[in-house]
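> curious how this folds, go ahead:
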Amino acid sequence: MKTLTIIILAILPTLALAHEEPAIVKEWTSIKQDVKKHLFNNEYQKAVESSQKLLAIDPSNDEAKFHLLFSYLQSGKKLPEWVVDEVKFSHNDEGRYYQAIFDRLNKAD
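Residues are numbered from 1 along each chain as shown. Have a look, this model is predicted:
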């Protein structure tokens with residue numbers, strides 16, 4: 001019984017550490033919150049900058065692409081050529097979802 005208790009006490013801390021989020025996930029979550037905060041506060045240039053940070057972490061992420069395009073759209077600025085040329089949504093369900101939303105918002109303005 002004593003041996004079993006020692007083994008359990010040795011394993012439990014390891015299991016707790018296994019569920020800790022990686023630093024990159026924490027950074028992503030924090031930046032995404034910043035984007036939403038900036039958009040809510042009409043700080044569109046800051047939202048663009050934060051969206052670019054998200055894309056630097058994961059250039060293929062459709063949500064990050066949407067945030068960048070939406071931030072530019074809300075700012076009233078013309079999309080830079082690099083955004084027009086390089087920021088394309090994927091062809092999966094998530095990409096089509098964000099593309100449809102962006103197209104609808106872009107037509108409304």
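
> low-confidence ranges in the protein?
For the chain, the stretches flagged by pLDDT under 70 are 1-18, 108-109.

> what segments of it are helices?
Assigned by DSSP state H, the helices in the chain fall at 2-18, 23-40, 44-57, 62-75, 81-86, 93-108.

> any idea which of the ones you listed is most buried?
Most buried of the helices of the chain, by mean neighbour count (mean count of other Cβ atoms under 10 Å): helix 62-75, with a mean of 21. Where C-beta positions appear, they are placed from N, C-alpha and C, glycine not excepted.

> contacts for that helix?
32, 35, 38-39, 42, 44-45, 47-48, 50-52, 54-55, 57-58, 78-80, 83, 87-90, 92, 94-95, 97-98, 101-102, 105-106, 109 (Cβ atoms under 8 Å, 6 or more residues apart in numbering).

> now with 7 Å, please.
Residues outside helix 62-75 that contact it (Cβ atoms under 7 Å, 6 or more residues apart in numbering) are 35, 39, 44-45, 47-48, 51-52, 54-55, 58, 79, 83, 87, 89-90, 94-95, 98, 101-102, 105-106, 109.

> and it with helix 93-108, angle?
10 degrees (axes from the mean of the first three to the mean of the last three Cα atoms, to 10 degrees).

> for helix 62-75, list the C-alpha coordinates in PDB.
Extracted as PDB, the C-alpha positions of helix 62-75 are listed here (Å, rounded to 0.1, in the frame of the first residue of the first chain):
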ATOM      1  CA  ASP A  62      -8.500  31.800 -41.300                       C
ATOM      2  CA  GLU A  63      -9.700  33.500 -38.100                       C
ATOM      3  CA  ALA A  64      -6.500  35.600 -38.000                       C
ATOM      4  CA  LYS A  65      -6.900  36.500 -41.700                       C
ATOM      5  CA  PHE A  66     -10.500  37.500 -41.100                       C
ATOM      6  CA  HIS A  67      -9.500  39.800 -38.200                       C
ATOM      7  CA  LEU A  68      -6.900  41.500 -40.300                       C
ATOM      8  CA  LEU A  69      -9.300  42.100 -43.200                       C
ATOM      9  CA  PHE A  70     -12.100  43.200 -40.900                       C
ATOM     10  CA  SER A  71      -9.800  45.600 -39.100                       C
ATOM     11  CA  TYR A  72      -8.800  47.200 -42.400                       C
ATOM     12  CA  LEU A  73     -12.400  47.300 -43.500                       C
ATOM     13  CA  GLN A  74     -13.500  49.000 -40.300                       C
ATOM     14  CA  SER A  75     -10.600  51.500 -40.500                       C
END
